[in-house]
Structures are given as C-alpha cells and as structure tokens.
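*Asks:* Sequence and predicted model, in that order:
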Amino acid sequence: MVVDGAWSTIGTANMDYRSFFTNYEVNLVARDAPLAAALERRFRADLAEAAPVVPREWLARGWPKRLSEATGWLVRRWL
C-alpha cells in the first residue's frame with residue numbers, strides 16, 4: 001500500500017480481526033519515495049495482468065483446484 005508517494009507498507013497483514021489476532025503476519029513500513037514509486041509501478045503492472053473472478057466459473061472449478069484450496073485452508077495461519 002502506498003499512501004502519499006513516500007510512505008508505504010508491504011507484507012502479509014490485512015486490516016481485519018484474523019490478521020490482528022489470529023494469523024502470523026509481517027509487514028515492512030517505510031518512508032522512502034523511490035521505494036513507494038517502485039511499489040506503485042509493481043501494483044499497476046500486476047493490475048494490468050489481473051483477471052476478474054466470475055462467480056459462475058469459480059463455482060465450476062474442478063476437484064484439483066478445490067483440493068489445493070482445502071490444503072491451503074489447513075495451513076492458513078502460516079500463509
């Protein structure tokens with residue numbers, strides 16, 4: 001997250017109960033304009049490659065995908 005072109009944070013924490021009290025999280029917070037600019041560029045590049053989640057397609061995903069999701073759920077505190 002880049003706030004003002006200088007302050008930024010990157011890491012695993014989200015602004016929710018689970019991140020604050022349950023999960024193991026780590027974030028880097030920096031006040032550095034070049035780093036903030038690099039993070040902003042990376043975000044824009046990632047956004048350009050992103051694809052929308054279509055509910056109908058998501059519900060029709062196969063069992064290998066569902067199995068990998070279930071496995072991820074088992075180790076969710078460390079992801």
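*Replies:* Alright, I've got the coordinates. Quick caveat, the model's predicted, so the values are computed rather than measured.

*Asks:* what's the nearest residue to Ala33 once chain neighbours are set aside in contact with, if anything?
*Replies:* The shortest distance from Ala33 to any non-neighbouring residue, by Cβ to Cβ, 6 or more residues apart in numbering, is to Ala6 (4.7 Å). Just so you know, the C-beta spots here come from the backbone N, C-alpha and C atoms, and that holds for glycine as well. Residues in contact with Ala6 (Cβ atoms under 8 Å, 6 or more residues apart in numbering) are 31-33, 36.

*Asks:* What of Asp32?
*Replies:* By Cβ under 8 Å, 6+ apart, Asp32 lies in contact with 6, 8.

*Asks:* Next, give phi and psi for it.
*Replies:* Backbone geometry at Asp32, expressed as degrees, to the nearest 10, gives phi -150, psi 110.

*Asks:* How confident was the prediction at it?
*Replies:* We have a pLDDT of 94 for Asp32.

*Asks:* For Ala6, see how far away it is.
*Replies:* Going from Asp32 to Ala6 by Cβ to Cβ, to the nearest Å gives 7 Å.

*Asks:* need the strands for the protein, in chain order.
*Replies:* Secondary structure of the chain by DSSP state E: the strands cover 7-11, 27-31.
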